[in-house]
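A.B. asks: take this sequence and fold it.
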Amino acid sequence: MSFSVRANSAHSALAKFSSCELSDALIKLGLPHGGHIPDIHMMSPSDNTVRICGPAYTVKMVPGSDQTAPKLEKHFVDEATSNSVIVIDAPSQVKSAVWGGLMTAGAISRGCLGVVISGRARDISEHIESDFPVFARSHSTLGQSPFTRPSEINIPITIHPQPADSDFPPVSIEPGDVIVADRDGVVCVPKGLVEQIVLLASKGQDVDAKCMEDIKAGKGIKESFKKWRGK
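C.D. replies: As a prediction, this is how the structure comes out:
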């Protein structure tokens, strides 16, 4: 199936691959999580063939009651860079949203490609109407205040699986790492590994195409895998 790709031009080579193909390549390089940020789903747009690919602009949220964490002088959306993917890490325990329709309007005006939220979004219909890609763990009727607030931007963040006792390893995201998100999920490709990942993903794509051709021809999955994947 073809995808409607929205990508930073600097990462056009990476944008040719699905999130699944990129995770496979990252596993081959030894990343135990394959870059996958689990349990985050596409909320919008309604066109589920959309894929976004661009550098991460990171946002750290803290509980609204936290008076010790740093405070931002400007709204974090107003600081987002064009062609970036906003990545928000919200406290796991909160049931309120950290993203809404007004923020989508601001992100569009800044030229952002989309937002990935380890947390909740609201105003889902507004995101759909705006044709803006929003990926989140879930949704809520509640807004940010007084439950959470943004604390820091463009810092390294680590997104932990939920629930916290999961055996799945956390994913660390540096500002500028490449975020690829589509209907299968969200993947973070470390910026220093992009060239290697493009090569590995290309090889994997070719192998899978040959497997698919043989399987459709009736040669069987086991035989096709053994021939082209070596197992």
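
A.B. asks: quick one, longest strand in the chain?
C.D. replies: Counting residues, the longest strand found in the chain (DSSP state E) is strand 50-63.

A.B. asks: in that one, what's buried?
C.D. replies: 50-63 (16 or more other CB atoms under 10 Å). Glycine gets a C-beta too; all of them are placed from N, C-alpha and C.

A.B. asks: same for that strand, what does it pack against?
C.D. replies: Other elements packing on strand 50-63 under the criterion 3 or more CB pairs under 8 Å, 6 or more residues apart in numbering; DSSP states H and E are strand 4-7, strand 85-89, strand 114-121, strand 148-153, strand 178-182.

A.B. asks: apply 7 Å and report the result again.
C.D. replies: strand 4-7, strand 85-89, strand 148-153, strand 178-182 (3 or more CB pairs under 7 Å, 6 or more residues apart in numbering; DSSP states H and E).

A.B. asks: re the thing from before, between the buried residues of strand 50-63, which is nearest residue 103?
C.D. replies: residue 59 (10.5 Å; CB to CB).

A.B. asks: what bridges to the residue lying closest to that closest one once chain neighbours are set aside?
C.D. replies: Setting aside the residues directly before and after it, residue 59 is nearest to residue 88 in space (CB to CB, 6 or more residues apart in numbering), at 4.5 Å. Counting by DSSP bridges, residue 88 is bridged to residue 59, residue 117.

A.B. asks: what is the subsequent helix or strand relative to the longest helix along the chain?
C.D. replies: Ranked by number of residues, the top helix in the chain under DSSP state H is helix 194-216. Sequence order places helix 221-228 as the next helix or strand after helix 194-216, per DSSP states H and E.

A.B. asks: that concludes my questions; thank you for your assistance.
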